[in-house]
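Undergrad: could you look at this predicted model? Sequence included:
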Amino acid sequence: MEKSKILIVGGTGYLGKRLVKASLALGHETYILQREEIGVDIEKVQMLLSFKEQGAHLVQGSFDDQQSLVEAVKLVDVVICAISGVHIRSHQILLQLRLVDAIKQAPNVKRFVPSEFGTDPARMEKAMEPGRITFDDKMVVRNAIEEAGIQFTYISANCFAGYFLGGLCQPGHIIPSRDHVSLLGHANQKAIYVDEDDISIYTIKTIDDPRTLNKTVYIRPPKNILSQREVVEIWENLIGKQLHKSTISKEEFLHFIKEQDYAEQVGLAHYYHVCYEGCLANFETGEQAEEATQLYPEVNYTTVERYLRRYL
């Protein structure tokens, strides 16, 4: 079967650059939207040129020029959006909705993967403010996709390993300590940790798979469904020593959230739902969903232990 042509929007971002590499590695004709807004960001320009040398096609376009988006999506079969979540709320929604409008005008596009890749927003309608704004935004985009009759795949990749495992699940930490760790509550709620390169491989594998069409794909590596306490124990075994442990109660964490600025509150609220409530692993995926590691057992995913070894 001929492989789909893929356009990646946000191809120089944290996950986007990995999606580009995965797409090329799996043999897809790969296009990257080279946005005029990139300005004089020399690192991004050099990254794009590097991808071009590896066989990717750079497509000029701008979210300020709707026709350029239409022309870009007309070149491909599948569009993947990996716009970073660091954009302010209204800006990110606007960009994705403009992309949805462009796809509506390009009947050749047979699938759209919007910029999600974290917690499934459809399951977070009761999330606390202001963190729920992220999930509400993603549902606005989902509704626009489905109202337009665009075929889709939603990717729920749970916790990015670099952000969670690197800091032993502690907000604000990305390198594991060899001395101390703060446990969030009882630290027994299960979360799911996925290497960012693995997320990209699984995502690219879904795009030509009829089993994933118009479904949510959850990435749930069985060996990586662990509590914070279990993650810490793996790290302790690797370094051969016990860490000093303190505990942050639920009440303390909630109070801490209120003291932060708005952007920090959004991110910390997500940590609260993951680490104190176990929102990622406390449900069955359901009929309109698939699980990536079951669909693609040939992928040798990165276990938590293997991931943590890089910090030794």
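TA: Happy to help now that I have it.

Undergrad: so who does the residue nearest to the spatial centre of the chain touch?
TA: When Cα atoms, centre = their mean is applied to the chain, the residue found nearest the centroid is residue 117 (2.8 Å). Residue 117 is in contact with 15, 82, 155-157, 199, 203, counting by Cβ atoms under 8 Å, 6 or more residues apart in numbering. To be clear about C-beta, it is placed using only N, CA and C from the backbone, and glycine gets the same treatment.

Undergrad: list the buried ones in the helix or strand of the chain with the lowest mean pLDDT?
TA: Within the chain, judged by mean pLDDT, DSSP states H and E, the helix or strand with the poorest mean is helix 89-104; its value is a mean of 85. By 16 or more other Cβ atoms under 10 Å, the buried positions in helix 89-104 come out as 92-93, 95-96, 98-100, 102-104.

Undergrad: same thing with stretch 303-312?
TA: For stretch 303-312, a neighbour-count test (16+ other Cβ under 10 Å) marks 303-304, 307-308 as buried.

Undergrad: for the stretch 51-200 of the chain, what spans make up the helices?
TA: 66-73, 89-104, 132-147, 161-164, 196-206 (DSSP state H, counting those that start in this stretch).

Undergrad: most packed of these?
TA: helix 196-206 (a mean of 23; mean count of other Cβ atoms under 10 Å).

Undergrad: neighbouring strands - and their directions - for the helix or strand just after that helix?
TA: Next in sequence after helix 196-206, counting helices and strands by DSSP states H and E, comes strand 215-218. As defined by DSSP bridges, the strand partners of strand 215-218 come to strand 153-156 (parallel), strand 289-291 (parallel).

Undergrad: avg pLDDT for the shortest one?
TA: Across strand 289-291, pLDDT averages out at 97.

Undergrad: circling back to that earlier point, mind putting the contacts of residue 117 into CSV with distance to residue 277 and pLDDT?
TA: Shown next, in CSV, are these (distance: Cβ to Cβ, whole Å; pLDDT from 0 to 100):
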residue, distance to residue 277, pLDDT
15, 25, 96
82, 27, 94
155, 22, 98
156, 16, 97
157, 19, 96
199, 23, 98
203, 26, 98
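
Undergrad: these: which two are farthest apart?
TA: The largest separation in these, counting by Cβ to Cβ, is between 82 and 156 at 14.7 Å.

Undergrad: quick one on the thing from earlier: adding distance to residue 51, write the buried residues of helix 89-104 out as a markdown table.
TA: As requested, the buried residues of helix 89-104 are exported to a markdown table (distance: Cβ to Cβ, whole Å):
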| residue | distance to residue 51 |
| --- | --- |
| 92 | 23 |
| 93 | 27 |
| 95 | 21 |
| 96 | 22 |
| 98 | 23 |
| 99 | 20 |
| 100 | 25 |
| 102 | 22 |
| 103 | 22 |
| 104 | 28 |
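
Undergrad: hey, where'd the helices end up in the stretch 201-312 of the chain?
TA: Going by DSSP H, counting those that start in this stretch, the stretch 201-312 of the chain shows helices at 228-239, 250-258, 262-275, 292-295, 304-308.

Undergrad: and stretch 126-143, how far from the chain's centre?
TA: Remark: stretch 126-143 is offset 15 Å from the chain centroid, using Cα atoms, centre = their mean, to the nearest Å.

Undergrad: send me it as CSV with only the CA atoms.
TA: C-alpha atoms of stretch 126-143 as CSV (Å, rounded to 0.1, in the frame of the first residue of the first chain):
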residue,chain,number,x,y,z
LYS,A,126,-14.8,18.4,35.5
ALA,A,127,-11.2,19.6,35.6
MET,A,128,-10.5,22.5,37.9
GLU,A,129,-10.0,26.1,36.8
PRO,A,130,-7.9,27.4,35.3
GLY,A,131,-6.4,24.2,34.1
ARG,A,132,-9.6,23.1,32.3
ILE,A,133,-9.2,25.9,29.8
THR,A,134,-6.7,23.6,27.9
PHE,A,135,-9.2,20.8,27.7
ASP,A,136,-12.0,23.2,26.7
ASP,A,137,-9.9,24.6,24.0
LYS,A,138,-9.1,21.2,22.6
MET,A,139,-12.8,20.3,22.6
VAL,A,140,-13.5,23.5,20.6
VAL,A,141,-11.1,22.3,17.9
ARG,A,142,-12.5,18.7,18.0
ASN,A,143,-16.1,20.0,17.6
